[in-house]
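Q: next comes the sequence, and after it the predicted model I'd like to discuss.
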Amino acid sequence: MEMSVSELRTQFPILSRTVYGKPLVYLDNAASAQRPVVVAELWKRLSLEENANIHRAVHHLAGLATDAYEGARDAVRAFLNASVREEIVFTSGATAALNLVAFSFGEAYIHEGDQIVVSVAEHHSNIVPWQMLCERKKAILKVLDIHPDGALAVEQLENLLTERTRIVAVSHISNVLGLVNPVKEIVRICHSRGIPVLVDGAQGIVHENVDVQSLNCDFYVFSGHKLYAATGTGALYGKRKWLDAMPPYMGGGEMIESVRFSGTTYAPLPEKFEAGTQNFNAQPTLVPAMELVNAMRADASVQKEQEAILDYVYSKLVEDERITLFGTHRSTKIPLFSFAVKGAHHEDLALILDKMGIALRSGQMCAEPLMDRLGVTGLLRASFAPYNTLEEAEYFIKCLNKAINMLV
Amino acid sequence: MTLEEKKQQVIEDFSLYDEWLDKYEYLIELGKALEPFPEEKKTEDRLIKGCQSRVWLDSDLRDGKLYFSADSDAIITKGIISLLIGVYSGRTPEEIAGDDFGFIAEIGLKDNLSPTRANGLVSMIETIKKVAENGR
């Protein structure tokens, strides 16, 4: 399908609305992306025409709902290039998937004195579940540092790993720094020591083609709502050998094989990890969302506009002496910019820009340890999506200047 | 000026500006004009909970009247707290505790703040009320 950015925008009706009488410029895509018509229409059709609980019932509607849900699993398998569909577990998002792994992998493999490694640039969702696990098992959380340009200090990883390291959990792309981490290299280093690697792909899947077999990672998690699908969708990819060996996370519903008071046996993968009624009206929206992502990635004019935005905003922010951009490693940069302005509070800037129609994020971005590491109390973040235009980027820079002049 | 007159004045000042950006300019000016707040008073117990930016509030009861001073690391928030203490400083605890703080709604301030900042505004009001209750 041939498309242009303006054509693409028509598929996202919210982009043509106004806020405070001004055209909306939505630059908070790293928090949640907007929904295209195809996603909303599918959710509507499944809810109004094909709604029934999946798997168990023999009636017609249950069959339709099950097909849509299991079809989405096949589509996610293909999107991630996982080898088998049993390795795809649906979750409500990346956070739920991370909690699942931290609990179930932790139950099977983490003992007192064991070590877990995360990076300093992780989202709280890839820190707190591991801290909770460490507390439960009296294990130790170790932290991989970053360089001044925001790039992960991968050369320090080797020294951080010990014979007690049981898992390494890092983001594919930090939600603050906007740099693509060398996860393939990290996997290679860890695997040479027999240590599995989890990749938090909440941001990564939005910007990168993900091939879990090529990355060779042991787990990959993502959220659907950042990928233009419905909220409350997402998945965990896990290598079969791990998922088979891990105990269930939650009990009840589809996850059983047989239940007796004398003991319960569990369903095979992936149902073992899908307790309770699943989000069957929403998970299928991943299918049109992923199709759209593939179309956007294949489209030269959309890609060209993204490159132009990255070049323009990066250079404007780096050139401005009042501004400190964090995550400046240019060769791995994506169009996600977190920065501080000398003498102006991030919250004031966000508030003023909001009134100019620009939606962006201010604060700690769910990454307090990184804020401490960078020595800031919070930052302003502008995150672009393929439906954003260079014209919007130029308007953003113009308004940012105006806001800074109001405050400083 | 009575409390009612002062509130009326704030409402009138605010209504001079049609655009919210201009209202922010006005709040920024108020924030900048706020008397300096001593660094040693920026303590944990003076921090108002529930704000995204840091806001410190101090109070002093003299001759039966409450006097407030405040600071924030965000200038618009500082303008908002400046506006509040401009209205309530120098009033008796009874007057403040008995007030409904309704003029905030009248100037549309709360509706035009981000949810986190609106919560911060509520926290500021609650703190001022609590100080007044304790001072009775």
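A: Okay, I see it. Just so we're clear, the structure is a prediction, and the values are computed from it rather than from any experiment.
Q: tell me the contacts of B:Thr92?
A: Under the criterion of C-beta atoms under 8 Å, 6 or more residues apart in numbering or on different chains, the contact list for B:Thr92 reads B:Gly64, B:Lys65, B:Leu66. Using the backbone N, CA and C atoms, a C-beta is placed for each residue, glycine as well.
Q: what's in contact with the helix or strand encompassing the last one?
A: Which is B:Leu66. B:Leu66 belongs to strand B:65-72 when assigned by DSSP states H and E. Applying C-beta under 8 Å, 6+ apart, the contact partners of strand B:65-72 are B:31, B:34-35, B:37, B:41-42, B:51, B:53-61, B:78, B:81-82, B:84-85, B:88-93, B:96, B:128, B:131-132, B:135.
Q: which of those residues count as buried?
A: Buried members of those, counted by 16 or more other C-beta atoms under 10 Å in any protein chain shown: B:31, B:34, B:37, B:51, B:53, B:55-59, B:78, B:81-82, B:84-85, B:88-93, B:96, B:128, B:131-132, B:135.
Q: in strands, which of the residues you listed appear?
A: Per DSSP state E, strands hold the following members of those: B:Val55, B:Trp56, B:Leu57, B:Asp58, B:Ser59.
Q: export these as a markdown table, with columns for pLDDT.
A: A markdown table is the format used below for these (pLDDT from 0 to 100):
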| residue | pLDDT |
| --- | --- |
| B:Val55 | 91 |
| B:Trp56 | 94 |
| B:Leu57 | 94 |
| B:Asp58 | 95 |
| B:Ser59 | 94 |
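Q: closest to chain A among the residues you listed?
A: Chain A lies nearest to B:Val55 out of those, by C-beta to the nearest C-beta, at 11.1 Å.
Q: hmm, that closest one is touching B:Ile81, no?
A: Yes - using C-beta atoms under 8 Å, B:Val55 is in contact with B:Ile81, at 5.9 Å.
Q: now do the top helix by length along chain B, average pLDDT.
A: For chain B, the longest helix by residue count, based on DSSP state H, is helix B:115-135. Taken as a whole, helix B:115-135 has an average pLDDT of 83.
Q: so who does whatever residue of chain B ends up closest to chain A touch?
A: Per C-beta to the nearest C-beta, B:Ala74 is where chain B lies closest to chain A, at 3.8 Å. Going by C-beta under 8 Å, 6+ apart, B:Ala74 touches A:His345, A:Glu347, A:Asp348, B:Ser53, B:Arg54.
Q: so which of these are in helices?
A: Per DSSP H, those map to helices at A:Glu347, A:Asp348.
Q: from A:Gly106, how far off is A:Thr261?
A: Check again: residue A:261 is Phe, not Thr. Relative to A:Gly106, A:Phe261 is positioned 27 Å away (C-beta to C-beta, to the nearest Å).
Q: ok, those two, which is more surrounded?
A: Per other C-beta atoms under 10 Å in any protein chain shown, whichever of A:Phe261 and A:Gly106 has more neighbours is A:Gly106, with 24 against 5.
Q: quick check: the more buried one is in a helix.
A: Yes - the assignment for A:Gly106 by DSSP: H, G, I helix; E, B strand; the rest coil puts it in a helix.
Q: looks like it contacts A:Glu135 (just checking).
A: No - with contact defined as C-beta under 8 Å, A:Gly106 does not count as touching A:Glu135 (10.7 Å).
Q: quick check: closest non-adjacent residue to A:Pro305.
A: Rather than Pro, residue A:305 is Glu. Among residues not flanking A:Glu305 along the chain, A:Val5 sits closest, at 4.9 Å (C-beta to C-beta, 6 or more residues apart in numbering or on different chains).
Q: now do the contacts for the one you found.
A: Contacts of A:Val5 (C-beta under 8 Å, 6+ apart): A:Ser301, A:Val302, A:Glu305, A:Pro386, A:Tyr387, A:Thr389.
Q: can I get these in JSON lines including pLDDT and neighbour count?
A: Below are the contacts of A:Val5 laid out as JSON lines (pLDDT from 0 to 100; neighbours: other C-beta atoms under 10 Å in any protein chain shown):
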{"residue": "A:Ser301", "pLDDT": "95", "neighbour count": "14"}
{"residue": "A:Val302", "pLDDT": "96", "neighbour count": "19"}
{"residue": "A:Glu305", "pLDDT": "97", "neighbour count": "23"}
{"residue": "A:Pro386", "pLDDT": "98", "neighbour count": "26"}
{"residue": "A:Tyr387", "pLDDT": "98", "neighbour count": "25"}
{"residue": "A:Thr389", "pLDDT": "98", "neighbour count": "19"}
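Q: enumerate the residues of chain A near chain B.
A: A:20, A:344-345, A:347-348, A:350-352, A:354-356, A:362-363, A:377-378, A:406-407 (C-beta under 8 Å from any C-beta of the partner chain).
Q: give me the contacts around the helix or strand where A:Ala78 lies.
A: Using DSSP H and E, A:Ala78 maps to helix A:60-80. Contact partners of helix A:60-80, identified using C-beta under 8 Å, 6+ apart, comprise A:46, A:50-56, A:82, A:84-85, A:87-88, A:90, A:210-212, A:220, A:235, A:237, A:270, A:278, A:280-281, A:283-287, A:290, A:293-294.
Q: how near is the residue nearest to A:Glu254 when sequence neighbours are not counted to chain B?
A: In space, A:Glu254 comes closest to A:Glu271 once its chain neighbours are excluded; the distance is 4.8 Å by C-beta to C-beta, 6+ apart. If you measure A:Glu271 against chain B using C-beta to the nearest C-beta, to the nearest Å, the figure is 39 Å.
Q: which pair of the contacts of B:Ala74 spans the longest distance?
A: The two members of the contacts of B:Ala74 with the most space between them (C-beta to C-beta) are A:Asp348 and B:Arg54, at 12.8 Å.
Q: which stretches of chain B have low pLDDT?
A: Within chain B, the ranges that satisfy pLDDT under 70 run B:112-118.
Q: let's see it at 90
A: B:1, B:13-21, B:48-54, B:77, B:100-125, B:134-136 (pLDDT under 90).
Q: returning to that earlier point: buried set for the helix holding A:Ala78?
A: Buried-residue list, helix A:60-80, by 16+ other C-beta under 10 Å: A:62, A:64-66, A:68-70, A:72-73, A:75-77, A:79-80.
Q: any chance of CSV for these, columns pLDDT?
A: Below are the buried residues of helix A:60-80 laid out as CSV (pLDDT from 0 to 100):
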residue, pLDDT
A:Ala62, 95
A:Leu64, 96
A:Ala65, 96
A:Thr66, 96
A:Ala68, 97
A:Tyr69, 98
A:Glu70, 97
A:Ala72, 98
A:Arg73, 98
A:Ala75, 98
A:Val76, 98
A:Arg77, 98
A:Phe79, 98
A:Leu80, 98
